[in-house]
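Undergrad: from the sequence below, what's the structure:
(chains A and B)
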Amino acid sequence: MSLRARLGRLPAALAVLAALFTLTAPAMAPTVAAGASLRTILNEIEEEVMCPVCGTLLGLAESPQATREKAFVEKLAKEGKNKDEIKQALVNQYGDAVLALPKGSGFSLSAYVVPIVAFAVAVVLLAFAVWKWRKAAGSKDDRRPDVEGPSEEDRERLDQDLARYDL
Amino acid sequence: MAAVAIVALLTFGLLSKGNSRLAVGESAPSPPLPKLEEHGKGSLTEYRGKWVLVNFWASWCIPCRDEAPELQKFQEEHAGKNFTVVGIDTQDLSDDGLKFAKEYGLTYPQLHDGNGDNGHEFGTSGVPENYLLEPNGKLAWDTPGPVDAKMLEEHVAPLLPPSKKEA
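TA: Presented below is the predicted three-dimensional model:
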């Protein structure tokens, strides 16, 4: 076959390849996306739950217990469980202490509320202390004896000196 | 007032941090715990009137694998003496615990202490740990770390009453 004939078939071959890619790409996309989303879920969960035995984030832990916990998370993620369901399953196994961040309800809510309230109270106390301090300083000024200004004689002499030096 | 609050917080921190080990003569904490091999809850109080060897273990714990057959053998030899071993699977996945119990043919009762709170109440510092309770639920003997046949025969067997056959 001549080179020209071969080149003549090139567009057709490219068209077949393009068609194949068009047909297979949608089928491959979910697999790639699923793999990526599984890894994302695992990473996110490992940053949000603890290894109860090690007392560190699961993502940082390498103990045998952490290994089993990671395998448990991966198994549930592969079963299609979402992040909240997996975290709930971990709580069912290890209790609330497995959560790196306390829940936003019940007694755990105090972990969020107490620092805010404490900060607000501290600001109010500080403002009150500053106000009291300034008031005390002000009343001290009030108690200061009146200072007499220059006498009439001194004032005249001052005016004369200023006039003399042309200031 | 602030100083008092700080001292109170520090004291609370120190008291809550230190989980002192159960002392001989003290009553064992016996909260209801989920049963490992069946639905429902169980407690050490169910075994009042019997000598109980409480064994804290976990499937991910390597020394527990050596200890489990020894405990099972001891249970089989002394079950007639108003005695039982009670396993407490702690900080472990219940499915892993079940698999472990099956693998080693453990026939004595098993509870699941997923968050490890019961272990902390006993003052455990790891797994395995063993506590022998008198029939009134008070601690008679304990040891951190695994037990073997020799230890069980030397420390536990002499405390057990003779079986009906022996009597």
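
Undergrad: contact partners of stretch B:66-78?
TA: Outside stretch B:66-78, the residues that touch it by C-beta atoms under 8 Å, 6 or more residues apart in numbering or on different chains are B:53, B:55, B:57, B:84-85, B:87, B:100, B:104-108, B:128, B:146-149, B:152, B:156-157, B:160, B:163. Yep, even glycine has a C-beta here, placed from its N, CA and C like the rest.

Undergrad: what's the burial count for the closest residue to chain A within chain B?
TA: Using C-beta to the nearest C-beta, the single residue of chain B nearest to chain A is B:Asn115, 2.9 Å away. Neighbours of B:Asn115 under the rule other C-beta atoms under 10 Å in any protein chain shown: 18.

Undergrad: so it is in which element?
TA: For B:Asn115, there is no enclosing helix or strand under DSSP states H and E.

Undergrad: which pLDDT value belongs to residue 8?
TA: In the absence of a named chain, chain A is used. Confidence at A:Gly8, expressed as pLDDT, is 65.

Undergrad: wait, chain B
TA: At B:Ala8, pLDDT is 63.

Undergrad: near chain B, which residues of chain A show up?
TA: A:52-53, A:63-65, A:67-69, A:72, A:92-98 (C-beta under 8 Å from any C-beta of the partner chain).

Undergrad: quick one: residues contacting the residue sitting nearest the centre point of chain B.
TA: Centroid-nearest residue in chain B: B:Val54, 2.9 Å away (criterion: C-alpha atoms, centre = their mean). B:Val54 makes contacts with B:Ala28, B:Leu44, B:Val86, B:Ile88, B:Phe122, B:Asn130, B:Tyr131, B:Leu132, B:Leu133, as judged by C-beta under 8 Å, 6+ apart.

Undergrad: could you redo the last one with a cut-off of 6 Å?
TA: Shown in contact with B:Val54 (C-beta atoms under 6 Å, 6 or more residues apart in numbering or on different chains): B:Val86, B:Tyr131.

Undergrad: am I right that it sits in a strand?
TA: Yes - counting by DSSP: H, G, I helix; E, B strand; the rest coil, B:Val54 is located in a strand.

Undergrad: what residues are bridge-paired with it?
TA: B:Val86, B:Tyr131 (DSSP bridges).

Undergrad: tell me which helix or strand A:Ala111 sits in.
TA: helix A:110-143.

Undergrad: tell me which helix or strand residue 74 sits in.
TA: If you meant another chain, say so; for now it's chain A. In the assignment (DSSP H and E), A:Glu74 maps to helix A:64-78.

Undergrad: that was the other one, I meant chain B.
TA: If you go by DSSP H and E, B:Phe74 is part of helix B:62-78.

Undergrad: what's the neighbour count on the closest residue in space to B:Cys61 that isn't next to it in sequence?
TA: Once flanking residues are discounted, B:Cys61 sits nearest to B:Val127: 4.6 Å by C-beta to C-beta, 6 or more residues apart in numbering or on different chains. Using other C-beta under 10 Å, B:Val127 is surrounded by 28 other residues.
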